[in-house]
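Undergrad: have a look at this prediction, sequence included:
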Amino acid sequence: MDCIDLFKKAAAALQTDPRYLELDAARRENDMDEELQNMIGEFNLARLDLNNESAKAETDAARVAELNQRVNDLYSQIMASEGMVRYNAAKAECEAMVSHIDAIINTAMNGGDPMTVQAPTGGCTGSCSTCGGCH
C-alpha cells in the first residue's frame, strides 16, 4: 500500500471524527432550514442588485447605500442564526484539525518526526518550528 492509499484511508477515518460529524450535521441541518435558506436567497438577490447598481455608468448613490445596508443586514441575520453559529463553531474545530494534519505533513516533508507534532495554536502558517516549515 502506498502513501496515497494510506492518506485515503486516513481521510475516510477523518469522516468518522466527532468534529467532522458535528460539521456535517450542522451543514445538513442548515440545508434543511427553510427560513435560513430563504434569508440566504434574499441575501444573494440583494447582493446581485447591489453589484448591478454599482456597475452602472451613473450609479444612484442613495440606492447603492440602501442595497448595501440590505446586504449587510441580511448577512448579519444569517451569521447570527443558531444554525450558522453552530456551523461556524464546528467549521473552526475542523479547520484546527486540518491545521494539525497539515503540520504533521509539513514536519514529515521536512525530515522531522511526525509522531512528535503537537496541535498548532493560533493558526499555523507553516513558517514556525512547530511544523518544521521553516527548515
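TA: Okay, I see it.

Undergrad: residue contacts, residue 70?
TA: With contact taken as Cβ atoms under 8 Å, 6 or more residues apart in numbering, residue 70 is in contact with 46, 50. Where C-beta positions appear, they are placed from N, C-alpha and C, glycine not excepted.

Undergrad: what about residue 57, which SS state?
TA: Three-state assignment for residue 57 (DSSP: H, G, I helix; E, B strand; the rest coil): coil.

Undergrad: next, it: phi, psi?
TA: Dihedral pair for residue 57: phi -60, psi -40, per degrees, to the nearest 10.

Undergrad: let me see the contact set for it.
TA: Neighbours of residue 57 in contact, by Cβ under 8 Å, 6+ apart: none.

Undergrad: for it, give its distance to residue 77.
TA: The spacing between residue 57 and residue 77, counted by Cβ to Cβ, to the nearest Å, is 32 Å.

Undergrad: quick check: the most centrally placed residue in the chain vs residue 85, distance?
TA: The residue lying closest to the centre of the chain (Cα atoms, centre = their mean) is residue 91, at 5.7 Å. Noted for residue 91: a distance of 11 Å to residue 85, by Cβ to Cβ.
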